[in-house]
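A.B. asks: Here's my sequence, what's the structure:
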Amino acid sequence: MFKPVAVEKNLENLKYVANKLLDIEWFIFFGTLLGYTRENNIIRNDDDIDIYVNLDFREYIIKTFKNTDLFIDLSKPPNLSPFFLQGIRKLDGETTYVDFYFFENKHNRSYIEEKHNFSGKSYLQSNAMHIPKEIIYPINLVQMQHLDVFVPNKPDVCCEFLYGRDWKKPMSKSKDYVIDIINHRPMLIKKNNFKFPNTFQI
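C.D. replies: Residues are numbered from 1 along each chain as shown. Next up, the predicted model:
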């Protein structure tokens, strides 16, 4: 688990990415979307920003950030997965992170499929999330702390899909809950209601 990054630095990374990704469709997701929807800001103590991109543009991401100060090391995990890339950027001597999650959008499906998500187990088909297209499209341009970013069509419904009915209540993913994928949907399990085996990981 990474150390928390200051809100201002995560916002700086979001601005940096938004200014680079001018020619493709992208949108914020996971904790970054949760922060926007709940607080119109980055969640305090978050350790990265989370970006969703169509799998067709994975090589575009690699080329766009090649020889920039967002370093994507293609020789090491977790960047060996075709469905995920993590960029590392030094800001004032602090290591910060940008995570790109790549989804598949097939025309004959009513959902987009994303395989890396919470656990990073993209090699397991059972770990794939099926997110209804109706809550994703059309994506919208919004303002987050005076920054233009793209969000799914129904941000609040996406947050409930990802984090359950209590998504508006701040919780720590390392302290209060874990998330597993059941039938291709996220299932948030509060730790005070469940005893986990030692091998359980997120």
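
A.B. asks: how about stretch 165-177: buried residues?
C.D. replies: Buried residues in stretch 165-177, counted by 16 or more other CB atoms under 10 Å: 167, 173, 177. Placement of C-beta: from N, CA and C, glycine included.

A.B. asks: And it, end to end?
C.D. replies: From its first residue to its last, stretch 165-177 covers 14 Å (CA to CA, to the nearest Å).

A.B. asks: what is the mean pLDDT for that stretch?
C.D. replies: Averaging pLDDT along stretch 165-177 yields 85.

A.B. asks: Which strands or helices does the lengthiest helix in the chain pack on?
C.D. replies: Assignment by DSSP state H gives helix 7-20 as the longest helix of the chain. Other elements packing on helix 7-20 under the criterion 3 or more CB pairs under 8 Å, 6 or more residues apart in numbering; DSSP states H and E are strand 49-54, strand 84-91, strand 94-104, strand 147-151.

A.B. asks: Could you identify which of the ones you listed is most buried?
C.D. replies: Ranked by mean neighbour count, those are led by strand 49-54 with a mean of 22 (mean count of other CB atoms under 10 Å).

A.B. asks: Now do the strands in this structure.
C.D. replies: Secondary structure of the chain (DSSP state E): strands at 26-28, 49-54, 84-91, 94-104, 111-114, 129-132, 140-144, 147-151, 177-182, 185-190.

A.B. asks: Let me have those strands in CSV, extended by distance to I61.
C.D. replies: Converted to CSV, the strands of the chain look like this (distance: least, CB to CB, whole Å):
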stretch, distance to I61
strand 26-28, 9
strand 49-54, 6
strand 84-91, 6
strand 94-104, 6
strand 111-114, 15
strand 129-132, 20
strand 140-144, 20
strand 147-151, 15
strand 177-182, 24
strand 185-190, 24
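
A.B. asks: now that we're looking at D148, which residues does it contact?
C.D. replies: 18, 141-142 (CB atoms under 8 Å, 6 or more residues apart in numbering).

A.B. asks: Narrow the residues you listed to those that are buried.
C.D. replies: Counted by 16+ other CB under 10 Å, those give 18, 142 as buried.

A.B. asks: could the contacts of D148 be laid out in CSV, adding distance to N117?
C.D. replies: Shown next, in CSV, are those (distance: CB to CB, whole Å):
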residue, distance to N117
A18, 22
L141, 25
V142, 23
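
A.B. asks: from the contacts of D148, which is closest to R109?
C.D. replies: Nearest to R109 among these is L141, at 25.2 Å by CB to CB.

A.B. asks: N41 is nearest to which of the strands of the chain?
C.D. replies: When the strands of the chain are compared (using CB to CB), the closest one is strand 140-144, at 7.1 Å.

A.B. asks: Spatially central residue in this protein, please.
C.D. replies: D50 (3.2 Å; CA atoms, centre = their mean).

A.B. asks: low pLDDT regions in this structure?
C.D. replies: 1, 174, 193-202 (pLDDT under 70).
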